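**Student:** please find the sequence and the predicted model below.
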Amino acid sequence: MSFFSSLMGGTFADNRVEGDRLRARGSLGEARMAYERALRKGKGVPEADLAAVRGVVAACRLELARRRLAEADGLAEAGEVDEAREILDELRDLCEAEEILAAVAERRTRYEAESARQMVDDAREMTEEELLAVIAGTWTEAQADEYAELPEEFVRALVASHDGEHARAAEMIRAVLESADLPIEPRHAWFELGRELAAAGDDPGAVAALERMLGTGDGAVDEELDGEVTVAALTQLAQCLARIGKRPEAIAALERSTRTDPESHLPLLNLGIFLRSGPGERAPSDLERALGVLERAVTLMGQLHPDFRVVRELGLTLLELGREDEAEQTLYAVVEHEASRGTHDQFDPLAAVPLARLYEKRGKLELAADIWRHLAVGHDVRNHFAYNREAARLLLAAGGDRALAGRYLSRAEELARTDEERAAVARVRGDASPA
């Protein structure tokens with residue numbers, strides 16, 4: 001796991017020096033994380049040194065908040081008002097300086113006006129020509145060349161698909177493909193039919209269409225087909241096969257996709273995810289196979305621009321294998337990467353939730369509570385009740401700030417919608433009562 005070693009460990013002095021270096025070059029998010037690592041390694045360090053580092057952390061947070069405000073203003077000016085408001089939502093957790101809180105309040109008012117104007121601007125519906133241009137922009141060159149030879153009804157079907165009429169779109173595409181006077185022998189168009197049938201709930205029909213496109217060979221690359229579309233078709237085929245109870249065939253389709261594009265880590269990621277968590281009964285060897293596949297994906301993606309979806313899946317697989325030290329290190333790398341970019345409210349729940357539960361299992365209650373707190377203000381609004389409740393529960397269990405725990409508990413109380421949820425809040429509130 002040497003890939004992650006630079007993200008962990010070190011002494012107070014090491015991390016402080018690293019923080020100074022990163023701060024000097026303007027990488028404030030990474031610098032702040034280094035300083036905070038230094039504080040976590042501060043046992044036995046003189047209080048004056050600890051206080052100095054805390055001061056630098058506060059300075060980094062303030063400057064990061066100023067940068068995020070500037071970013072929000074840029075987004076608002078570009079018409080991306082919702083994205084600008086998302087930044088405002090995260091700033092209270094990033095920095096509570098009066099300067100920042102006042103700026104956030106002012107911008108909330110201003111962005112509301114921007115949003116109202118944008119709603120008027122967006123009221124104009126996209127013309128059919130604009131919609132067709134958007135659809136065509138998703139095609140590869142091979143698809144565009146093939147589809148240009150097909151009747152206009154084929155493109156009309158894709159417009160119907162865009163409107164959510166997948167069954168009708170499938171009927172229209174099938175009619176085109178069964179036409180006796182086509183100037184070419186379609187191949188990529190069968191992918192479109194398979195995709196529409198799958199969206200309409202006809203998985204057996206989708207499998208037949210996708211297999212018609214792909215052929216039933218031994219996995220060799222078909223030069224007549226676009227490789228990118230072939231990988232997408234094999235991935236769709238695997239999903240359909242899994243839904244009709246054909247797990248081994250689904251795995252075979254994903255394995256074929258790795259041979260179709262051997263230079264890309266994405267087919268390996270898809271295969272690794274399926275081996276760990278795909279539908280059907282998992283074979284005893286599937287987890288170890290998934291680990292090997294994901295380690296190959298790490299090698300292919302390289303370290304310059306790592307795909308943290310691979311890192312997350314690797315951590316989840318290690319966790320299921322019982323390799324908790326490595327799982328903790330790997331899942332933490334995902335969370336720290338997001339935190340280093342100043343996106344605390346965008347923590348990936350798929351990585352953060354299992355990491356929080358692992359921290360709790362291993363007695364690291366304060367770290368677990370910190371993750372729940374960030375999730376409680378994140379983009380996964382659907383689960384905010386659970387995140388606020390867990391933040392309160394872990395803060396209390398860790399002996400933390402009871403007033404802070406009370407605020408999260410009050411939020412959970414407001415979000416509770418069922419008797420069961422209200423009872424869960426009451427249980428936590430009972431823990432908060434004086435003995």
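**Tutor:** Thanks, I have the structure now. Quick caveat: nothing in here was measured; it's all calculated off a predicted structure.
**Student:** quick check on residue 408: phi, psi?
**Tutor:** phi -70, psi -40 (degrees, to the nearest 10).
**Student:** tell me, how many residues neighbour residue 60?
**Tutor:** Neighbour count of residue 60, defined by other C-beta atoms under 10 Å: 25. The way it works is simple: take the backbone N, C-alpha and C, and place the C-beta from them, glycine included.
**Student:** could you find the closest non-adjacent residue to it?
**Tutor:** Using C-beta to C-beta, 6 or more residues apart in numbering and skipping residues adjacent in sequence, the residue nearest residue 60 is residue 32, 4.1 Å away.
**Student:** could you look up the SS state of the one you found?
**Tutor:** On the three-state scheme (DSSP: H, G, I helix; E, B strand; the rest coil), residue 32 is labelled helix.
**Student:** so it sits right up against residue 18, yeah?
**Tutor:** No - when contacts are counted by C-beta atoms under 8 Å, residue 32 is not listed as touching residue 18 (11.4 Å).
**Student:** those two - which one has more neighbours?
**Tutor:** When residue 32 is set against residue 18 and neighbours are counted by other C-beta under 10 Å, the residue ahead is residue 32, at 25 against 19.
**Student:** helices or strands up against the helix or strand containing residue 156?
**Tutor:** Assigning secondary structure by DSSP states H and E places residue 156 in helix 152-162. Applying 3 or more C-beta pairs under 8 Å, 6 or more residues apart in numbering; DSSP states H and E, one finds that helix 152-162 makes contact with helix 128-136, helix 166-177, helix 188-199.
**Student:** roughly how far is that helix from the heart of the chain?
**Tutor:** In terms of C-alpha atoms, centre = their mean, to the nearest Å, the centre of helix 152-162 is set 30 Å apart from its chain centre.
**Student:** what's the answer for stretch 97-107, then?
**Tutor:** So, by C-alpha atoms, centre = their mean, the centroid of stretch 97-107 is 29 Å from its chain's centroid.
**Student:** return the set of buried residues in that stretch.
**Tutor:** Under the neighbour-count criterion of 16 or more other C-beta atoms under 10 Å, stretch 97-107 has 100, 103-104, 107 buried.
**Student:** same question for stretch 23-36.
**Tutor:** Taking 16+ other C-beta under 10 Å as the basis for neighbour counts, the residues of stretch 23-36 that come out buried are 23, 27-36.
**Student:** now swap in stretch 13-22 and tell me
**Tutor:** Counting neighbours by 16+ other C-beta under 10 Å, stretch 13-22 gives 15-16, 18-19, 22 as buried.
**Student:** repeat for stretch 300-314
**Tutor:** Of the residues in stretch 300-314, those buried under the neighbour-count criterion (16+ other C-beta under 10 Å) are 300-301, 306-314.
**Student:** now residue 75: closest residue in space that isn't a chain neighbour?
**Tutor:** For residue 75, the nearest residue in space outside its immediate sequence neighbours is residue 84; the separation is 4.1 Å by C-beta to C-beta, 6+ apart.
**Student:** how deep is the one you found tucked in, by neighbour count?
**Tutor:** Residue 84 is flanked by 24 other residues according to other C-beta under 10 Å.
**Student:** and the longest helix for the protein?
**Tutor:** Taking DSSP state H as the assignment, the helix of the chain that covers the most residues is helix 47-77.
**Student:** packing partners of it?
**Tutor:** Judged by 3+ C-beta pairs under 8 Å, 6+ apart, the packing partners of helix 47-77 are helix 12-24, helix 28-40, helix 81-94, helix 98-121.
**Student:** that one versus helix 28-40: what angle between them?
**Tutor:** Compare the direction of helix 47-77 with that of helix 28-40 by axes from the mean of the first three to the mean of the last three C-alpha atoms, to 10 degrees and you get 150 degrees.
**Student:** what mean pLDDT does helix 47-77 get?
**Tutor:** Taken as a whole, helix 47-77 has a mean pLDDT of 88.
**Student:** would you mark the buried spots in it?
**Tutor:** Along helix 47-77, the positions that meet the burial threshold by neighbour count (16+ other C-beta under 10 Å) are 53, 56-57, 60-66, 68-69, 72-73, 75-76.
**Student:** please identify which pair of the buried residues of stretch 300-314 lies farthest apart.
**Tutor:** Among the buried residues of stretch 300-314, the pair separated by the greatest distance (C-beta to C-beta) is 300 and 312, at 16.3 Å.
**Student:** backbone dihedrals for the spatially most central residue of the chain, please?
**Tutor:** The C-alpha lying nearest the average C-alpha coordinate of the chain belongs to residue 348 (C-alpha atoms, centre = their mean; 5.5 Å). Dihedral angles phi and psi of residue 348 (degrees, to the nearest 10) take the values phi -80, psi 110.
**Student:** that one contacts residue 338, doesn't it?
**Tutor:** Yes - with contact taken as C-beta under 8 Å, residue 348 and residue 338 are classed as touching, separated by 6.6 Å.
**Student:** overlap in contacts of these two?
**Tutor:** Common neighbours of residue 348 and residue 338 are not found (criterion: C-beta atoms under 8 Å, 6 or more residues apart in numbering).
**Student:** among the buried residues of stretch 23-36, which one lies nearest to residue 162?
**Tutor:** For the buried residues of stretch 23-36, the minimum distance to residue 162 (C-beta to C-beta) is 38.3 Å, reached by residue 29.
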